[in-house]
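Asks: got a sequence here, can you build the structure:
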Amino acid sequence: MRRKIVVTGLGCVSPLGNDVATTWKSASEGRSGIDKITKFDASDYRSRMAGEVRDFDPGGAIDSTELKKMDIFIQYAMVAAKEAFDDAGLVVDEALAPYAGVSVGVGLGGLTSIEATDHVVMDKGPRRISPFFIPMVISNMASGQISIHFNLKGYNTSTASACSSSNHSIGDAARIIERGDAKVMVVGGAEATVTPLGIGGFAAMRALSMRNDDPQHASRPYDRDRDGFVLGEGSGVMILEDYEHAKARGAKIYGELAGYGFSSDAFHLTQPNTDGPMRAMRMALDDAEMNADDLDYINTHGTSTPAGDINELNAIKESLGEAAKSVSISSSKSMSGHLLGAAGALEAIVTLKAMEAGVVPPTINIENMDEQCDLDVTPNTAKERNIRGAMSNSFGFGGTNATLVFRAV
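Replies: Reported below is the predicted structural model:
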């Protein structure tokens, strides 16, 4: 008999707030977390705005002596993990530890520390490199530090699949529980690429919005005048548990992770097509043993790029058929920006909170709907809806796709 996997704890650090409650309040009220960049002087950059994490204080989650060993993306993950553990009321004792694991997806790793250390080398020479440099920048150290801090002695990994990273980490971790190799998995994503190279690199690709005079309205999925995405940063972490384990300890359950689908476009490094996303969505529904009309809500990848948004809507129509017309859709990236490797985790949390609240968060900044957009993308204002089944999509450069399906318990 297949094991049921449920979500029992949520934690996040995001441009919308430094905890889940604040993030959800912002998302459900349609408030943007995007503004002019403050982390560095961006006056010479093509794109000068981002979804920055603001007023971040890691002190309650990380000992001060450990901070110097962690790039900011790791710090974000640690703070989100602490909130998720507190929310779940979970303590991993020595009996549980070998059956408790972690998988935190990361797209680019410690870009902040890489850039800072490059300046050290250029200005002062290689002997001044910190001995903590490598542990600060490698992608799996978000998982590694969480494992050490929370006594997780089971499966320990990190998935790097661009903007699909955290959805792959969440889905792959579910498989670990399904086959009986874990009872608990700490999952999600982390990213901190609002840096000179991060902003400059994506701008050089012509991927970012140039609406620099109006940052809060720059991310506008499905709007006719969208001109690219806005980079964001932060972390989202969830606690997955075997249902019987969660029930036995009386845990609060947000929902069941019922389905996971994945695919590759095998098409182009950066240009989308509908085939891969369509197959990932169908696979996730099949895995959940759900029909298309069992879905009430889809949190889309919805980045605010001219080609990507409509491509995803077309893939939704191909995968759901007539049911696509009755499902509520929105892109929370319109408010948070695009968190790259952490995007899926944050959006999965928004999806679960939408299910809990019975509220579909809006896609903000739609002033002139794209003529090709013929689905209900919840423009500008949230709406109440009973959400029993929900989907969250993530698609990444390299043509990698990962879809999660959640079901109310």
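
Asks: who does whatever helix or strand I329 lives in pair up with?
Replies: Using DSSP states H and E, I329 maps to strand 328-330. When pairing is defined by DSSP bridges, strand 328-330 lines up against strand 297-299 (parallel).

Asks: now do the helix or strand following the strand it pairs with: which elements does it pack against?
Replies: Using DSSP H and E, the next helix or strand after strand 297-299 towards the C-terminus is helix 306-320. For helix 306-320, the contact count by 3 or more Cβ pairs under 8 Å, 6 or more residues apart in numbering; DSSP states H and E identifies helix 275-288, strand 389-396 as packing neighbours. The way it works is simple: take the backbone N, C-alpha and C, and place the C-beta from them, glycine included.

Asks: which parts of the stretch 1-150 of the chain are helices?
Replies: 20-29, 64-67, 72-88, 111-124, 133-137, 141-150 (DSSP state H, counting those that start in this stretch).

Asks: ok, which of these comes nearest S332?
Replies: helix 20-29 (5.4 Å; Cβ to Cβ).

Asks: what angle do that closest one and helix 72-88 make?
Replies: 100 degrees (axes from the mean of the first three to the mean of the last three Cα atoms, to 10 degrees).

Asks: show me what helix 20-29 is packed up against.
Replies: Against helix 20-29 (3+ Cβ pairs under 8 Å, 6+ apart) you get strand 5-13, helix 333-336, helix 343-357.

Asks: out of those, which is the most enclosed?
Replies: Counting by mean count of other Cβ atoms under 10 Å, helix 333-336 has the highest mean neighbour count of the helices and strands packed on helix 20-29, with a mean of 30.

Asks: domain-wise, how is the protein divided?
Replies: 5-248, 260-407 (automatic domain parsing).

Asks: got those domains as JSON lines, with mean pLDDT and distance to Y254 columns?
Replies: What follows is the domains of the chain, written out as JSON lines (pLDDT from 0 to 100; distance: least, Cβ to Cβ, whole Å):
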{"stretch": "domain 5-248", "mean pLDDT": "97", "distance to Y254": "4"}
{"stretch": "domain 260-407", "mean pLDDT": "97", "distance to Y254": "5"}
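
Asks: part of a strand, is M185?
Replies: Yes - assessed with DSSP: H, G, I helix; E, B strand; the rest coil, M185 lies in a strand.

Asks: near it, how many other residues are there?
Replies: Neighbours of M185 under the rule other Cβ atoms under 10 Å: 28.

Asks: for it, name its beta-bridge partners.
Replies: Where M185 sits in a bridge, its partners, by DSSP bridges, are G101, L240.

Asks: could you do L404 as well?
Replies: Beta-bridge partners, per DSSP bridges, of L404: Y260, S392.

Asks: give the contact list for it.
Replies: L404 makes contact with N167, I170, G171, L257, G259, Y260, A284, G344, A348, T351, M391, S392, according to Cβ atoms under 8 Å, 6 or more residues apart in numbering.

Asks: now do it against V186, distance only.
Replies: 16 Å (Cβ to Cβ, to the nearest Å).
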